[in-house]
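Engineer: Got a predicted structure here, sequence first:
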Amino acid sequence: MAEENSEETAPAEGNPPASETNSVEDQTSSQSSGTENLKVLENIDVALTVEVGGAEIKIRELLRLGEGSVVELDRLAGDPLDILANGTMIAKGEVVMVGERFGVRFTEIVDPEKRMESI
């Protein structure tokens, strides 16, 4: 019968113990898979909406609307607009012109913790 060597062998100078090496490898693997997951998420479409304002009107008033009708909104001219991603407010901004199209300039980003509260 061969004798078992129960003594631990010290790591070679400059090399970390095997337990530390495994931990570093696990962290690297975890970071790598996390990066891969993020890359998958980067390709998901999100509906971006810019909300100018809103109003509540009675159905009677709605039925009377026609071309040229004006509905007063609950926001003042010049107030920042709400920018929503899939219905969750992520920022405030202002309308800009991009060539012949409208665009939106982000002027204030909503705190990520507040965004999570609304989900």
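Structural biologist: Yep, it's here.

Engineer: Just the residues contacting the longest strand seen in the chain, thanks.
Structural biologist: Scanning the chain for the longest strand, with DSSP state E as the assignment, gives strand 88-98. For strand 88-98, the surrounding residues in contact (C-beta atoms under 8 Å, 6 or more residues apart in numbering) are 50, 80-84, 102-110, 115, 118-119. Just so you know, the C-beta spots here come from the backbone N, C-alpha and C atoms, and that holds for glycine as well.

Engineer: and those residues, which of them are in helices?
Structural biologist: With DSSP state H as the criterion, helices contain residue 115 from among these.

Engineer: Now list the buried members of the contacts of strand 88-98.
Structural biologist: By neighbour count, with 16 or more other C-beta atoms under 10 Å, those hold 50, 81, 82, 83, 84, 104, 110 as buried.

Engineer: And those residues, which is closest to residue 58?
Structural biologist: The closest of these to residue 58 turns out to be residue 82 (C-beta to C-beta; 24.5 Å).

Engineer: pull the helix or strand with minimum mean pLDDT from this protein.
Structural biologist: None of the helices or strands of the chain scores lower by mean pLDDT, DSSP states H and E than helix 18-41, at a mean of 64.
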